[in-house]
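Undergrad: what follows is a predicted protein model with its sequence.
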Amino acid sequence: MSDVIVVGAGVVGAACAYYCARAGLDVTVVDRGPVAGGTTGAGEGNVLVSDKEPGPELDLALLSNRLWRELDRSVGGFEFEAKGGLVVAETDHVRRRLTELAAEQDVQHETVPAHALRDLEPHLADDLAGGVLYPQDAQVQPMLAAARLLQNGAGKHRVREGGALHLRLGVTVTGFVRSGERVVGVRTDHGDLHGGAVVNAAGTWGGRIAALAGVDLPVQPRRGFILVTEPLGEPLIRHKVYTAAYVTNVASDSADLETSAVIEGTPAGTVLIGASRERVGFDRTTSPPVLARLAAQAVALFPALRDVRVIRSYCGFRPYCPDHLPVIGPDPRAPGLYHACGHEGAGIGLAPATGHLLAQLLQGHRPDLDPHPFRPDRFQAEESR
């Protein structure tokens, strides 16, 4: 019997397991597939504060940004790059709005006039109106991050003086074990697993796991495509660079297709090109028109990419919640069940703070941030009004 069972071996589940093990709890992580086999494996690895509006998610992002840097020092091995993010504007009106947003966010930033953009990114298009530089923005390799957090919490790399961490892959959760009204474990296709608490960190499938416990979480898949270029001999892009439309798309409620230019390099020399958003269920069908639009937007922002070949594309599903906030904490409708899902496209960036807060809540400690905005039953409260 474990103290905590975590459903999901993506980066959020890995972070929950890591921080619980570090706190001295015995943890079992269950996933029907491999480590990072879902949304995490299809992510870019964004660790952003620049795209968050002032409020609870930005507070969570700032905590997570600090924790990622601590993890880079204590765990490492996941290609953490403190590269900074550059948000660019195509018109003076958009530039003014970006500057206003940066002031409202009250985070580290630097307003960049049009003539100084190429000092930061020499290959940028020359018709931009300016931008804002966010030094705290960073990037990780998401699959490595999930694997390293799990590895560091188990075996010979186990967290010093912490609890044990067990990994059960290829095991599908089919229901919950209860003692009265309380959740005390999970039913799986390999038998029952018992625990003091269960954490739903199933990402895009978080709503389906919650439904097995008889509770409703409105987590829906929001599909996105990414293009990957051939490795370049010399780095072409220094920062994570994106247009202001990306901020708007992140906050959008539309189910229709939305795209914006999001471009960055990797340590392997490739360039990642995004981003698209659309709610089409779990349809993985490749859409050539969407890929063509992403490529055209990338070339408009960095004309030098016109002569670079794309070698592959892939898609993933962001776990979308209607209010664009993750679901974190105990579910009063199913005592013993906790949630850590619904982060949409910010799960990788917000993973450490989510795991840290979950571990504090499981121990009955006062959390570093107020968890009330992320409470699992908030949607039910909205419906009853």
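TA: Perfect, thanks for sending it. Numbers count the residues shown, from 1 in each chain.
Undergrad: return the distance of the residue sitting furthest away from the middle of the chain relative to residue 336.
TA: Distance from the centre of the chain peaks at residue 180, with 34.7 Å (C-alpha atoms, centre = their mean). Remark: distance between residue 180 and residue 336 (C-beta to C-beta, to the nearest Å) = 10 Å. Yep, even glycine has a C-beta here, placed from its N, CA and C like the rest.
Undergrad: what is in contact with the two at once?
TA: Common contact partners of residue 180 and residue 336 (C-beta atoms under 8 Å, 6 or more residues apart in numbering): none.
Undergrad: tell me the secondary structure for the nearest residue to residue 44 once chain neighbours are set aside?
TA: Distance criterion C-beta to C-beta, 6 or more residues apart in numbering; nearest residue to residue 44, sequence neighbours excluded, is residue 272 at 5.4 Å. Counting by DSSP: H, G, I helix; E, B strand; the rest coil, the backbone at residue 272 sits in strand.
Undergrad: list the beta-bridge partners for residue 272.
TA: Beta bridges link residue 272 to residue 228, residue 264, judged by DSSP bridges.
Undergrad: repeat for residue 330
TA: As for beta bridges, residue 330 partners with residue 338 under DSSP bridges.
Undergrad: that one reaches residue 340, doesn't it?
TA: No. With contacts defined as C-beta atoms under 8 Å, residue 330 does not count as touching residue 340, sitting 10.9 Å away.
Undergrad: look at those two and report which has more neighbours.
TA: Each of residue 330 and residue 340 has its neighbours counted (other C-beta atoms under 10 Å); residue 340 has more, 31 against 20.
Undergrad: so that one sits against residue 202, correct?
TA: No. Here residue 340 lies out of contact with residue 202, judged by C-beta under 8 Å, at a distance of 9.1 Å.
Undergrad: give me the common contacts of those two.
TA: By the contact definition C-beta under 8 Å, 6+ apart, residue 340 and residue 202 are jointly contacted by residue 13.
Undergrad: determine the three-state secondary structure at the residue most central in space within the chain.
TA: Centroid-nearest residue in the chain, with C-alpha atoms, centre = their mean: residue 347, separated by 1.8 Å. State at residue 347, reduced to three classes by three-state DSSP: helix.
Undergrad: shaky segments in this protein?
TA: Low-confidence segments of the chain (pLDDT under 70): 154-162, 249, 381-385.
Undergrad: can you map out the helices along it?
TA: Secondary structure of the chain by DSSP state H: the helices cover 11-22, 56-74, 92-105, 117-120, 142-152, 206-212, 245-250, 288-301, 347-362, 378-383.
Undergrad: need these in a markdown table (columns: distance to residue 368).
TA: As requested, the helices of the chain are exported to a markdown table (distance: least, C-beta to C-beta, whole Å):
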| stretch | distance to residue 368 |
| --- | --- |
| helix 11-22 | 11 |
| helix 56-74 | 6 |
| helix 92-105 | 19 |
| helix 117-120 | 33 |
| helix 142-152 | 19 |
| helix 206-212 | 23 |
| helix 245-250 | 24 |
| helix 288-301 | 37 |
| helix 347-362 | 7 |
| helix 378-383 | 20 |
